[in-house]
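Participant: compute the structure for the input listed below.
(chains A and B)
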There are 2 protein chains.
Amino acid sequence: MIGLIAASLTTLGFVPQVVKVLKTKDTESISLGMYSMSVTGMLLWLAHGISISDIALIAANSISATLAGTILICKLIYK
Amino acid sequence: MIGLIAASLTTLGFVPQVVKVLKTKDTESISLGMYSMSVTGMLLWLAHGISISDIALIAANSISATLAGTILICKLIYK
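Facilitator: Sure thing, here's the model as predicted:
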């Protein structure tokens, strides 16, 4: 249960950042290195989840890779 | 093995953001909501790891909570 709340917070924590970036189009202080590493890591987690058929890993990392990927794309576009 | 690389990337991905924030003292485009949620989630993961004595959860979340916590504190200070 505590793990479920923890997973929701770390996964959905990217939502306010996505909203802020899309609204302001400002990515000045956001680190390209961070989002490059994070998105790559999340996609590897997703691959790992698929290879061991773990639905929790697949669900959490599909969502977070989509959210963090959106921030990464915005960082590359708005600069 | 792929899980280990994935975990390293998603955990250490915060390093370039910490470096950037400490160097520029600019946190304008960083979301307070994101770091509030993320740090809370990481601390819950840490608590969960301690309760089930899982060293991987404890290690990864101690590091990421420290890194994301530093960004959160900077966001609160530099504004």
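Participant: list the buried residues of the longest helix seen in chain A.
Facilitator: Longest helix of chain A, by residue count under DSSP state H: helix A:55-77. Of all the residues in helix A:55-77, those buried under the rule 16 or more other CB atoms under 10 Å in any protein chain shown are A:57-58, A:60-65, A:67-72, A:74-75. Using the backbone N, CA and C atoms, a C-beta is placed for each residue, glycine as well.
Participant: next one: stretch A:4-12
Facilitator: By neighbour count with 16+ other CB under 10 Å, stretch A:4-12 contains the buried residues A:6-7, A:9-12.
Participant: what about chain B: which of those touch it?
Facilitator: With CB under 8 Å from any CB of the partner chain as the criterion, the buried residues of stretch A:4-12 include A:6-7, A:9-12 near chain B.
Participant: reformat those as CSV; add distance to B:Thr40.
Facilitator: Below are these laid out as CSV (distance: CB to CB, whole Å):
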residue, distance to B:Thr40
A:Ala6, 8
A:Ala7, 12
A:Leu9, 5
A:Thr10, 9
A:Thr11, 12
A:Leu12, 11
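Participant: what's the closest of those residues to B:His48?
Facilitator: A:Ala6 (5.9 Å; CB to CB).
Participant: so who does the closest one touch?
Facilitator: B:41-42, B:44-45, B:47-48 (CB atoms under 8 Å, 6 or more residues apart in numbering or on different chains).
Participant: with distance to B:Met34 as added columns, please give those in a markdown table.
Facilitator: Formatted as a markdown table, the contacts of A:Ala6 follow (distance: CB to CB, whole Å):
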| residue | distance to B:Met34 |
| --- | --- |
| B:Gly41 | 10 |
| B:Met42 | 12 |
| B:Leu44 | 16 |
| B:Trp45 | 16 |
| B:Ala47 | 20 |
| B:His48 | 21 |
